[in-house]
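In: Here is a sequence with its predicted model. Questions after.
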Amino acid sequence: MTQTLAAATMAAYRRAAGCIAVITLTNPPVNTLSYLLRESFYETFRRANADAEVKAIVICGADGKFCGGADIKEFAGKFSGPSLVALIDDVEQSKKPVVAAIEGMALGGGLELALGCHYRIAHTKAQVGFPEVTLGLLPAAGGSQRLPRLITLTSALELITTGRRISAPEALKLGIVDKVTDKNALDMAIDFARDIIGKPLESRRLSLRTTPCPPDVESFLDEALASIRKHSRGAIAPLACLQAVRASVYSTFDEGLKKEQELFKMLLTSGQARALQYSFFAQRATKKWSMPSGATWKNTSARPLRKAAVIGLGTMGRGITVALIKAGIPVIAVEMGLKQLEAGKTVIMSMLEKEFKKKQLTKAYREMAAFTLDLAKLQEVDLVVEAVFENMSLKKQIFQQLSSLCSADAILCTNTSTLDIDEIASVTTTPHLVVGMHFFAPAHVMKLLEVIYGPRTSPTAVATAMQLAQQMEKVGVVVGNCNGFVGNRMFKLYAEQAYFLLEEGAIPEQVDQVLEDFGFPMGIFKVSDLSGLDIEWKIRQEQGLTGPKQIPGGSFRHRAGGRYSPLLDILCERGYLGQKTGQGWYLYEKPGGRVPTFNLWLHKFLEEYRELHGIQKHYVGQDEILERCLYPLINMGFHILEERIAASPEDIDIIYVFGYSWPRHWGGPMFYASMVGLPRVLDKLNYYHEIHPDIPTLEPSSLLKKLVANGSPPIGTWGAFIKEHNSKL
Ligand SMILES: CCCCCCCC/C=C\C/C=C/C(=O)SCCNC(=O)CCNC(=O)[C@H](O)C(C)(C)COP(=O)(O)OP(=O)(O)OC[C@H]1O[C@@H](n2cnc3c(N)ncnc32)[C@H](O)[C@@H]1OP(=O)(O)O
């Protein structure tokens with residue numbers, strides 16, 4: 001295998017039009033500039049440069065992909081082979097014109113190589129960008145110095161500090177590429193190269209230019225710094241990118257390169273870079289889903305989806321309808337009453353209108369939605385997504401109907417965040433075609449989709465849901481069936497600890513601040529106010545924890561076998577549901593207000609509550625807030641791995657990054673645990689459990705204990721321990 005790969009990896013050399021050398025970067029699948037490719041490029045470029053018959057050089061990528069950048073895997077080891085910086089310098093210094101023919105993508109080191117070329121011709125559909133910042137790095141092969149010398153400082157800074165990828169037409173507008181074609185970019189580059197033979201190259205060498213600056217460059221850079229600090233949520237790479245770009249303004253090219261290297265070395269060894277690169281591969285790993293039965297893409301095919309139906313046009317159903325239509329699947333949207341149908345239709349059409357404008361979609365998209373009260377129409381569809389309230393009996397009633405109305409091979413999906421897929425499937429005649437799809441609101445925007453299989457769900461149903469996730473440009477993660485699945489089962493403990501902390505002496509402002517400093521865009525109490533406290537209240541009622549269906553046997557602060565905080569129930573009972581009512585954990589200027597302010601009532605109420613229940617208030621420090629909120633959530637992650645509800649820690653981490661805004665530069669909860677150190681997580685859980693024996697979820701999971709007992713192996717090897725652990729259970 002290694003040999004085949006090695007043989008395939010090369011900078012292939014050929015001659016075109018007599019005097020043009022064509023060098024093809026070849027390293028499937030995306031032509032990364034790995035050690036082997038760099039070595040081969042070094043030789044091949046020298047050969048082209050030295051050959052007197054060669055008058056110009058064109059660089060392109062095999063298989064219609066110019067280059068995906070440096071090989072990210074190499075960042076974990078020792079650098080060897082020719083340096084990219086030196087290779088690009090060779091290219092720029094060449095006395096023969098060098099033209100980059102960009103098809104597919106020129107990303108990271110790939111774009112840096114293209115910037116070293118004297119000219120760049122791109123295919124209309126190609127993408128260019130510097131995604132290094134999303135990997136915790138910066139463009140360190142001269143990119144942070146050449147780009148600001150080529151285009152405006154504002155654009156260069158934006159592209160380098162955000163990692164935004166742009167289309168070839170936008171790159172042309174900005175001045176990054178010289179020409180865009182919808183024909184063959186390589187052919188055009190060869191013709192172009194022939195035409196420029198013998199023309200002076202001095203002005204095309206970006207390293208010889210100075211960075212064009214706006215009039216008050218110092219305040220421009222200061223403002224940029226303030227803005228990056230505000231938006232980066234604690235990520236260090238965007239700040240380092242800014243420093244590198246700053247060097248392009250104030251230093252010579254060579255000094256700038258030095259600064260770039262210095263900053264790159266600092267970033268490369270940071271935990272954040274490790275976390276972000278882990279996240280890159282974890283995201284791709286989730287696509288290769290598997291079920292405990294051994295089902296994977298390799299042995300399963302997805303069903304083609306020609307038409308879908310969505311049942312229930314509340315917030316979720318509306319978002320799902322739009323997401324399906326955006327993915328090119330016509331939808332029959334169904335409601336039970338005319339009023340709801342009309343309301344749903346109005347909102348969906350206006351959402352589609354917005355999408356239509358934003359993405360310049362064709363009119364046909366708006367015509368892909370049909371609205372009906374007639375369930376008989378469901379016969380026509382290949383897949384149904386039920387998106388009614390989170391109520392088991394209602395869902396069962398609908399699935400019973402679906403079973404008789406839909407075609408016998410229709411995939412039946414339920415959009416649920418907590419409910420038992422198997423119980424829903426049990427009322428159908430085709431339980432193998434029932435699959436859970438946990439969309440996150442707003443469903444047409446949020447990237448995550450938990451795809452849930454029950455014990456009877458077939459691999460085909462899972463494969464079809466995963467295929468659909470991809471079609472909707474979502475990150476699908478396959479998980480097993482349990483209360484709350486992966487995301488909400490873990491989140492429940494995070495929220496629960498936050499309520500306990502209020503009981504013990506903390507205030508919402510304090511808890512939220514610590515969580516926001518950690519990197520969450522919003523603390524838990526702000527999130528709760530934004531989504532509405534009644535969402536959790538209803539779930540609690542459905543679970544028999546509170547309300548009319550409360551399971552007897554508990555007490556006010558002790559239910560379901562452990563400590564219980566009724567704070568949220570009390571607020572809901574008083575009508576304090578968050579932003580929509582103008583009051584929740586915070587106070588808002590009016591119902592529907594957005595700006596949280598100090599809630600005097602809540603603070604007084606918390607004091608009275610503690611007094612009434614004889615709770616000794618204690619000072620809750622930052623460490624305790626972070627550990628109490630995050631470690632039980634992580635601990636539940638270990639339980640979930642033990643139970644094989646999630647196939648890997650990567651799956652859990654991706655769910656948290658894409659569904660719960662876990663700061664990507666901390667990798668996800670399981671990666672974060674591995675960075676903090678598993679022994680520390682274990683010790684702290686033991687410590688808190690000793691203090692709070694009435695909170696059973698603080699008791700460390702046996703998998704965590706086992707991993708620590710085995711010397712806390714790296715996260716990539718946990719799979720073997722989980723297998724062994726399960727086989728001994
Ligand atoms: C000690 C100091 C020394 C100083 C020396 C300084 C030298 C530093 C030099 C330069 C800095 C440059 C840095 C970089 O270039 S970082 C990399 C920048 N590039 C990216 O971030 C691109 C990442 N890739 C993508 O965005 C996409 O993969 C894609 C758009 C290229 C293709 O998308 P798609 O077709 O959807 O395919 P997949 O994403 O599924 O990828 C296929 C396959 O390929 C693997 N892969 C993709 N890109 C890379 C990569 N850059 N490195 C390694 N592997 C990559 C991906 O993981 C998939 O693998 P699979 O799951 O096993 O199939």
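Out: Yep, it's here. This structure is a prediction, so every number in the text was calculated from the model and none was measured. Numbering: from 1, shown residues only.
In: Could you work out the end-to-end span of stretch 203-217 for me?
Out: 24 Å (Cα to Cα, to the nearest Å).
In: Buried residues in it, which are they?
Out: Within stretch 203-217, the residues scored as buried using 16 or more other Cβ atoms under 10 Å are 204, 205, 206, 207, 211, 213. Using the backbone N, CA and C atoms, a C-beta is placed for each residue, glycine as well.
In: what does stretch 248-266 give?
Out: Here stretch 248-266 shows 248, 249, 251, 253, 256, 257, 259, 260, 261, 263, 264 as buried, counting by 16+ other Cβ under 10 Å.
In: restrict those residues to those near the ligand?
Out: With the criterion set as Cβ under 6 Å from any ligand atom, the members of the buried residues of stretch 248-266 near the ligand are 261, 264.
In: For the buried residues of stretch 248-266, give me CSV that also has secondary structure and pLDDT.
Out: Formatted as CSV, the buried residues of stretch 248-266 follow (DSSP: H, G, I helix; E, B strand; the rest coil; pLDDT from 0 to 100):
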residue, secondary structure, pLDDT
248, helix, 98
249, helix, 97
251, coil, 96
253, helix, 98
256, helix, 98
257, helix, 98
259, helix, 98
260, helix, 98
261, helix, 98
263, helix, 98
264, helix, 98
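In: Closest one of the buried residues of stretch 248-266 to residue 556?
Out: residue 263 (55.8 Å; Cβ to Cβ).
In: Remind me which helix or strand the nearest residue to the closest one once chain neighbours are set aside belongs to.
Out: Distance criterion Cβ to Cβ, 6 or more residues apart in numbering; nearest residue to residue 263, sequence neighbours excluded, is residue 240 at 4.5 Å. Assigned by DSSP states H and E, residue 240 falls within helix 237-250.
In: Show me what that helix packs onto, helices and strands only.
Out: Counting contacts by 3 or more Cβ pairs under 8 Å, 6 or more residues apart in numbering; DSSP states H and E, helix 237-250 is packed against helix 143-150, helix 153-162, helix 217-231, helix 253-268, helix 271-287.
In: For stretch 272-280, give the mean pLDDT please.
Out: The pLDDT scores in stretch 272-280 average 98.
In: again with stretch 93-105
Out: On average, the pLDDT along stretch 93-105 is 98.
In: chain center to that stretch: distance?
Out: 33 Å (Cα atoms, centre = their mean, to the nearest Å).
In: picking that back up, would you mind giving the buried residues of stretch 248-266 as TSV with distance to residue 156 added?
Out: Below are those laid out as TSV (distance: Cβ to Cβ, whole Å):
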residue	distance to residue 156
248	8
249	10
251	15
253	14
256	12
257	16
259	15
260	13
261	19
263	16
264	17
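In: For the ligand, tell me whether stretch 166-185 is touching it.
Out: No: judged by Cβ under 6 Å from any ligand atom, stretch 166-185 stays clear of the ligand, getting no closer than 12.9 Å.
In: in that stretch, what counts as buried?
Out: Residues 166-168, 170-172, 174, 176-178, 180-181, 185 are the ones in stretch 166-185 that count as buried (16+ other Cβ under 10 Å).
In: For it, list the C-alpha coordinates in PDB.
Out: The C-alpha coordinates for stretch 166-185 follow below in PDB (Å, rounded to 0.1, in the frame of the first residue of the first chain):
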ATOM      1  CA  ILE A 166     -13.500  32.100  -2.000                       C
ATOM      2  CA  SER A 167     -14.600  31.200  -5.500                       C
ATOM      3  CA  ALA A 168     -12.400  31.900  -8.500                       C
ATOM      4  CA  PRO A 169     -14.600  34.800  -9.700                       C
ATOM      5  CA  GLU A 170     -14.200  36.500  -6.300                       C
ATOM      6  CA  ALA A 171     -10.500  35.800  -6.400                       C
ATOM      7  CA  LEU A 172     -10.400  37.500  -9.800                       C
ATOM      8  CA  LYS A 173     -12.200  40.600  -8.400                       C
ATOM      9  CA  LEU A 174      -9.800  40.800  -5.500                       C
ATOM     10  CA  GLY A 175      -6.800  40.400  -7.700                       C
ATOM     11  CA  ILE A 176      -5.600  37.000  -6.500                       C
ATOM     12  CA  VAL A 177      -5.900  35.300  -9.900                       C
ATOM     13  CA  ASP A 178      -5.200  36.900 -13.200                       C
ATOM     14  CA  LYS A 179      -7.800  35.100 -15.400                       C
ATOM     15  CA  VAL A 180     -10.800  32.900 -14.900                       C
ATOM     16  CA  THR A 181     -12.100  30.400 -17.400                       C
ATOM     17  CA  ASP A 182     -15.000  28.000 -17.700                       C
ATOM     18  CA  LYS A 183     -13.000  26.000 -20.200                       C
ATOM     19  CA  ASN A 184      -9.900  23.800 -19.400                       C
ATOM     20  CA  ALA A 185      -7.700  25.900 -17.100                       C
END
